[in-house]
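Engineer: Output the structure for:
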Amino acid sequence: MPSKIFTKKFLNFNTPIDLITAYDPRILREQTILHSWQYDFLDDFARDIPDNDLLMQGLIAANGSGKSKYILAPSITWMAMNFDNCLCYVT
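Structural biologist: Predicted structure coming up:
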């Protein structure tokens, strides 16, 4: 009997924006709309991956502005889905 080959099947998201748009029901239903600074950060984040595989980002924003939910979580998840040896430090 031939052995079964298991493969991972993930959707391909080009940016964290694509990821959060696909999985956040409030964004899908347009009950929540990303601010332009959130959209810009997520778009730039995906394009700023350097050749040496070390990416350091900083973001200054007010408390309660959506940094964790709309910036941090989608960015880390997107990196883990796109890079085999992804390691993220968050402070």
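
Engineer: how distant is the longest helix anywhere in the chain from the center of its chain?
Structural biologist: Of all segments of type helix in the chain, defined using DSSP state H, the longest is helix 36-47. Its chain's C-alpha centre and that of helix 36-47 lie 10 Å apart, by Cα atoms, centre = their mean, to the nearest Å.

Engineer: What is the subsequent helix or strand relative to that helix?
Structural biologist: Tracing the chain C-terminally past helix 36-47 and defining elements by DSSP states H and E, one meets helix 73-82 next.

Engineer: Give me the buried stretch members for that following helix, please.
Structural biologist: Of the residues in helix 73-82, Ala73, Pro74, Ser75, Thr77, Trp78, Met79, Asn82 count as buried by neighbour count, 16 or more other Cβ atoms under 10 Å. Bear in mind the C-beta positions are built from the backbone N, C-alpha and C, glycine included.

Engineer: Wait, the third one touches Thr15, no?
Structural biologist: No: taking Cβ atoms under 8 Å as the contact criterion, Ser75 and Thr15 are not neighbours in contact, 9.5 Å apart.

Engineer: got any residues that touch both of these two?
Structural biologist: Jointly contacting Ser75 and Thr15 under the rule Cβ atoms under 8 Å, 6 or more residues apart in numbering are Leu42, Phe45.

Engineer: Now do the same for stretch 20-34: mean pLDDT, whole number.
Structural biologist: The average pLDDT for stretch 20-34 rounds to 91.

Engineer: Fine, thanks again, bye for now.
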